[in-house]
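Colleague: A structural model of the following input is requested.
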Amino acid sequence: MTVRKRSPRLRLIEVPTATIAVWEWDGDDPPLLLVHAAGLHGRCWDQVIGRLPANRRVVAVDCRGHGRSSVPAPPYPWSHLAADLAEVIDQMELDRIVGVGHSMGGHLVARAAAARPAQFDRLVLLDPAIVSPELLDLIAAAQDRIPPIRRRSRWASPEEMAKHLAKRDAFRQWDRTALADYCHYGLRPATDGNGFDLACPPSVEHAIYLGQAEPDIYERVRSIELPVRIVRCRERPIGATMTDFSYSPTWPNLVRVFPNATEQHLRGARHFFPMEDPKLGAAVIDTASA
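Modeller: Residues are numbered from 1 along each chain as shown. Prediction:
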């Protein structure tokens with residue numbers, strides 16, 4: 001498949017308590033609104049976008065605390081991140097949106113669609129981080145006991161970061177160009193001039209993971225009457241740790257909670273399949289959004 005190199009323009013949108021970076025690829029409406037996983041950013045979609053029809057308008061958001069968006073102090077409740085999306089939709093006057101969210105992004109897109117149903121046409125949720133009520137209760141109860149994220153934050157260059165991560169289990173199967181995109185746009189020049197720092201620092205990423213513990217998500221989901229496609233990846237086996245992000249976080253019964261949802265189960269795919277196999281990611285999105 002030919003990968004088309006498309007260059008977006010960057011727009012900065014002011015929302016309450018943050019500045020949100022939005023990347024826009026020109027094309028025909030209706031727009032695809034792409035929302036990334038926790039710790040990633042909007043440019044992680046580049047290799048997927050390059051495999052979508054060239055005439056499609058695409059909008060990819062850097063959620064607060066990620067990419068080129070501002071990094072307010074914690075906490076980071078996901079309802080606030082979703083409210084940022086609603087503000088972006090309003091200010092850009094987006095309409096007939098096909099909302100595509102991966103992991104955390106799937107959760108946020110669902111919340112945004114519940115808040116702005118008239119602006120959406122359909123949702124495509126890629127292994128969304130909408131967990132079972134029982135697991136959400138555990139996350140809420142363990143807020144003070146969840147250990148901080150330990151991640152190297154300072155790098156000499158994006159290339160050094162990519163070379164290092166390519167050896168790690170979480171990134172070993174990523175498409176190498178997608179990994180380079182993640183590193184290039186996921187770093188910012190260090191304020192002291194010595195190298196680069198993660199745009200989403202470990203303390204913020206930790207706060208973001210804690211921010212999902214809002215039980216009203218199920219009420220929001222039940223209110224969405226739009227067509228929804230849930231794409232669920234391989235299920236977590238008994239004994240696998242919750243920090244193994246190769247498995248799906250999605251509640252298996254989620255498809256029954258949405259009033260108008262269908263499910264595609266990619267039984268062999270890992271959680272980060274859009275970045276590991278951008279061709280598959282593009283095909284799933286293109287088919288589900290037609």
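Colleague: which helix is the longest one in this structure?
Modeller: The longest helix of the chain (DSSP state H) is helix 78-92.
Colleague: other SSEs contacting that one?
Modeller: The contact analysis (3 or more CB pairs under 8 Å, 6 or more residues apart in numbering; DSSP states H and E) places helix 78-92 against strand 9-15, strand 18-25, strand 28-35, strand 56-62, helix 104-115. Yep, even glycine has a C-beta here, placed from its N, CA and C like the rest.
Colleague: roughly how far does Pro31 sit from Pro227?
Modeller: Noted for Pro31: a distance of 16 Å to Pro227, by CB to CB, to the nearest Å.
Colleague: higher neighbour count, those two?
Modeller: Per other CB atoms under 10 Å, whichever of Pro31 and Pro227 has more neighbours is Pro31, with 22 against 17.
Colleague: ok, that one touching Ile97?
Modeller: Yes: assessed by CB atoms under 8 Å, Pro31 is found in contact with Ile97 at 5.8 Å.
Colleague: all strands of this structure, in order?
Modeller: For the chain, applying DSSP state E gives strands covering 9-15, 18-25, 28-35, 56-62, 97-102, 120-126, 154-155, 187-189, 196-198, 228-232, 261-265.
Colleague: winner for burial among the ones you listed?
Modeller: strand 97-102 (a mean of 28; mean count of other CB atoms under 10 Å).
Colleague: burial count for Gly195?
Modeller: Count around Gly195 with other CB under 10 Å applied: 14.
Colleague: nearest residue to it in space, please, no chain neighbours.
Modeller: Ala156 (4.9 Å; CB to CB, 6 or more residues apart in numbering).
Colleague: I'd assumed Ala190 was in contact with that neighbour.
Modeller: No: here Ala156 does not reach Ala190: they are 10.0 Å apart, not a contact under CB under 8 Å.
Colleague: show me whatever sits in contact with both of those two.
Modeller: Phe196 (CB atoms under 8 Å, 6 or more residues apart in numbering).
Colleague: out of the two, which sits in the more crowded spot?
Modeller: Using other CB under 10 Å as the criterion, Ala156 and Ala190 rank with Ala190 on top: 13 against 10.
Colleague: tell me the pLDDT at the closest residue to the more buried one other than its chain neighbours?
Modeller: Ranked by CB to CB, 6+ apart and with sequence neighbours excluded, the top spatial neighbour of Ala190 is Asp197, at 5.0 Å. Per-residue pLDDT puts Asp197 at 98.
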